[in-house]
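# Sequence plus predicted model, see below.
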Amino acid sequence: DVLATYNVSGLAPAETASKDSAYPKEFPKATTAYFTAVQQKVKKIVESGQLGIFSAQWWDHPDYQLLPPEVHLMAVSHYLNILDRQRDVVIPHVVFGGKNPHPHYIVGGMPCSISMNDMNAPINTQRLAAVEQSIALAKDLVSNFYLPDLLAIGKIYVEKGMIDGGGLAKKRVMSYGDYPDDTYTGISNGDYHKKCIVRSNGVVENFALGVDKATFIPLEGKDFMDPQYLSEEVDHSWFEYPNGTTTLHPLEGVTDPKFTGPKSGTKEKWEFLDEDKKYSWIKSPTFKGKTAEVGPLAKYIVVYTKVKQGIIKDPTWAESMIVRQIDTVSQVLGVPAHVWMTTMVGRTACRGLDAQVASNISQYYFDKLVENIKNGDTTVADMTKFEPNTWDKDAKGVGLVDAPRGGLGHWIHIKDGRSANYQCIVPSTWNACPKTAANEHGAYEDAMIDTHVKIADKPLEILKVIHSFDPCLACATHLYNKKGEKIVSVNTDALCK
């Protein structure tokens, strides 16, 4: 029923249509024999006792009884299938960036040369074909595996009344805007956001009251340089600013650690953490003195509000797709957008919806690249201005992107031809920040406060709501009970210490 209602092919626009499926005879795998084989594989692993990272879970928690066995089997099967294909999905990053996950040779503009005749060139016909197939694969995996699983599970959660964990998303979200469709002259002059195909720049307050009652606050290019709009506080952070200052714009920001942590216990095991004082290694970013949640959910709330309230009068194909996605999911779940989106379910679902849009945007940009090459345009960078002697000796600037985890900003001050200050506010700084001077919680904290926990010493719900943010604080997740005893530690990388 979920698949029938959520018409995947009907949501993707003509601008991003693939010529054919990546693996037309392989996806989706939905035969009885396929699921039986996965079921037997999982059964053997469980019987062997070699559970790996699954060996220390709260399998007796009632939340594990929410889903029928069929949904569990479908999700596990799809997870294993996608896990096997993830190396193929990152091929474009390897081709264009040099390696994955961290690019090697991005300097500016296109990072590598193009030649349709030289088979040793970074970009040639063979590698473009590999990229095209990878994009088609990503679109197939998201539409046939990722989203159906999310909707099947999300529908059950909503029907069971598990619509908590929204926290700050109910009150205030922020997005920067992304995906410029043409060259732009700058950010502060507004040209960047005019060229974006996802014009999500802005802040929405009180979306939980309904999209018609929500308040939209513009966030334009010039505002990112204005301390009245964006700043960072250190009242509850183990940092200090000069002369007792507690709030600074990133351009004037200082990262000077001053640890005043608990004196009792050890560095590895604190006995008490006073949240009325400094208690975090993360600063508190604010928008007009208030915290805001960032991420795919925030981006979707902002776009949906701007389109539904007529602020965006002529939506791009990507913005129209986002609105269609939200309306369709509302139909599947049987509740309005403002009800399901401002929850842990909504935050998780919007990450999957964003993946569907992103895979289609990859196709859109790839098609434009191929068309340019056909027209003889193989220029990869404009080097006419890449002469340091012509640059301003004193300048200030900002770089923006809506990264996978949300709004990301880099601010730089160049003085006497050198970098005098460089500060970043990353998405997890916004979401994982401690309280502000006004005693307002960050997104993680507010979401946990908004989450119902069934069993105090088995707070599975807290893990789920934090995971819905796709946290990037460490490679491991730790939980401690009120006695300071470690409950579980999950480390997914053998090299991570």
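Right, received. Where do you want to start? Because the structure is a prediction, the values reported are computed rather than measured.
# Low-confidence regions, this structure specifically.
Filtered on pLDDT under 70, the chain yields the residue ranges 1-10, 19-29, 53, 99-111, 267-268, 473-497.
# how does it divide into domains?
Using automatic domain parsing, the domain parsing of the chain gives 21-162, 163-381+388-497.
# Go through those domains and pick out the most buried.
Of all the domains of the chain, domain 163-381+388-497 has the most neighbours on average by mean count of other Cβ atoms under 10 Å, namely a mean of 18. All C-beta spots, glycine's among them, are computed from the backbone N, C-alpha and C.
# Report the distance from it to the chain centre.
Put simply, domain 163-381+388-497 sits 8 Å off its chain's centre (Cα atoms, centre = their mean, to the nearest Å).
# And the domains of the chain: which comes nearest residue 15?
Evaluated over the domains of the chain, closeness to residue 15 peaks at domain 163-381+388-497, with 5.0 Å, by Cβ to Cβ.
# do you know how far residue 173 is from residue 372?
36 Å (Cβ to Cβ, to the nearest Å).
# err, residue 417, not the other one
Taken as Cβ to Cβ, the span from residue 417 to residue 372 is 35 Å.
# just residue 329 next, same as before
For residue 329, the distance to residue 372 (Cβ to Cβ) stands at 35 Å.
# same deal with residue 153?
In this view, residue 153 and residue 372 are 41 Å apart by Cβ to Cβ.
# Next: residue 249.
39 Å.
# With residue 398 instead?
From residue 398 to residue 372 the distance is 28 Å (Cβ to Cβ).
# Could you pull out the strands in the stretch 1-150 of the chain for me?
Taking DSSP state E, counting those that start in this stretch, the stretch 1-150 of the chain contains no strands at all.
# tell me which strands and helices the lengthiest helix in the chain is in contact with?
The residue-count maximum for a helix in the chain (DSSP state H) belongs to helix 344-374. Counting contacts by 3 or more Cβ pairs under 8 Å, 6 or more residues apart in numbering; DSSP states H and E, helix 344-374 packs against helix 125-141, helix 147-159, helix 296-308, helix 317-333.
# and for the helix or strand just after the last one, what are the contacting residues?
In the C-terminal direction, the helix or strand that comes right after helix 317-333 (DSSP states H and E) is helix 337-340. Under the criterion Cβ atoms under 8 Å, 6 or more residues apart in numbering, residues 154, 158, 163, 207-211, 214, 304, 326-327, 329-330, 333, 346, 349 lie in contact with helix 337-340.
# hang on, the earlier thing: out of the domains of the chain, nearest to residue 14?
Using Cβ to Cβ, the domains of the chain put domain 163-381+388-497 closest to residue 14, at 8.2 Å.
# Would you mind putting the helices and strands packed on helix 344-374 into CSV with distance to residue 223 alongside?
As requested, the helices and strands packed on helix 344-374 are exported to CSV (distance: least, Cβ to Cβ, whole Å):
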stretch, distance to residue 223
helix 125-141, 34
helix 147-159, 34
helix 296-308, 14
helix 317-333, 21
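# So which residues of the stretch 151-300 of the chain form helices?
Under the criterion DSSP state H, counting those that start in this stretch, the stretch 151-300 of the chain contains helices at 191-195, 296-308.
# so which of those helices comes closest to residue 317?
For residue 317, the closest of the helices of the stretch 151-300 of the chain is helix 296-308, at 12.5 Å, according to Cβ to Cβ.
# okay, the angle between the closest one and helix 344-374?
Going by axes from the mean of the first three to the mean of the last three Cα atoms, to 10 degrees, helix 296-308 is angled at 80 degrees with respect to helix 344-374.
# got a list of what the closest residue to residue 406 other than its chain neighbours touches?
Closest residue in space to residue 406, ignoring its immediate chain neighbours: residue 294 at 2.9 Å, by Cβ to Cβ, 6 or more residues apart in numbering. Neighbouring residues of residue 294 by Cβ under 8 Å, 6+ apart: 173, 174, 175, 405, 406, 407, 427, 430, 431, 443.
# Can you tell me which of these lies closest to residue 203?
Distances from residue 203 to the contacts of residue 294, taken as Cβ to Cβ, are shortest for residue 174 (4.7 Å).
# Pretty sure the closest one sits against residue 291.
No: taking contacts as Cβ atoms under 8 Å, residue 174 lies outside contact range of residue 291: 9.4 Å.
# Need the overlap of contacts for those two.
Common neighbours of residue 174 and residue 291 (Cβ under 8 Å, 6+ apart) are residue 430.
# Show me the beta-bridge partners of residue 423.
When assigned by DSSP bridges, residue 423 has beta-bridge partners residue 411.
# got the CA positions of stretch 225-237 in CSV?
The C-alpha trace of stretch 225-237 is given here as CSV (Å, rounded to 0.1, in the frame of the first residue of the first chain):
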residue,chain,number,x,y,z
MET,A,225,28.1,38.9,7.4
ASP,A,226,25.9,40.7,10.0
PRO,A,227,26.4,39.9,13.7
GLN,A,228,22.8,40.9,14.4
TYR,A,229,21.8,37.8,12.4
LEU,A,230,24.5,35.2,13.2
SER,A,231,26.8,34.9,16.1
GLU,A,232,28.3,32.3,18.5
GLU,A,233,28.1,32.3,22.3
VAL,A,234,30.4,30.6,24.8
ASP,A,235,28.4,31.0,28.0
HIS,A,236,28.1,27.2,28.4
SER,A,237,31.1,26.2,26.3
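# hmm, who's touching that stretch?
188, 219, 223-224, 240-241, 246-253, 275, 277-289, 396, 398, 409, 425, 429, 433-437.
# now do stretch 361-369
15-18, 92, 131-132, 135-136, 138-139, 179, 197, 317-318.
# From those residues, pick the one nearest residue 52.
For the contacts of stretch 361-369, the closest approach to residue 52 (Cβ to Cβ) belongs to residue 138, at 26.9 Å.
# Now do the same contact list for the closest residue to that closest one other than its chain neighbours.
Nearest non-adjacent residue to residue 138, counting by Cβ to Cβ, 6+ apart: residue 359, 4.4 Å away. If a contact means Cβ under 8 Å, 6+ apart, then residue 359 has 135, 138, 139, 142 as its contacts.
# Turn those into JSON lines, columns for distance to residue 124.
Shown next, in JSON lines, are the contacts of residue 359 (distance: Cβ to Cβ, whole Å):
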{"residue": "135", "distance to residue 124": "17"}
{"residue": "138", "distance to residue 124": "21"}
{"residue": "139", "distance to residue 124": "23"}
{"residue": "142", "distance to residue 124": "27"}
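# can you tell me which of these lies nearest to residue 148?
Top of the list for closeness to residue 148, among these and by Cβ to Cβ, is residue 142 at 9.9 Å.
# show me the contacts for that closest one.
Residue 142 touches 352, 355, 356, 359, counting by Cβ under 8 Å, 6+ apart.
# any idea how far the third one lies from residue 57?
The one in question is residue 356. Noted for residue 356: a distance of 29 Å to residue 57, by Cβ to Cβ.
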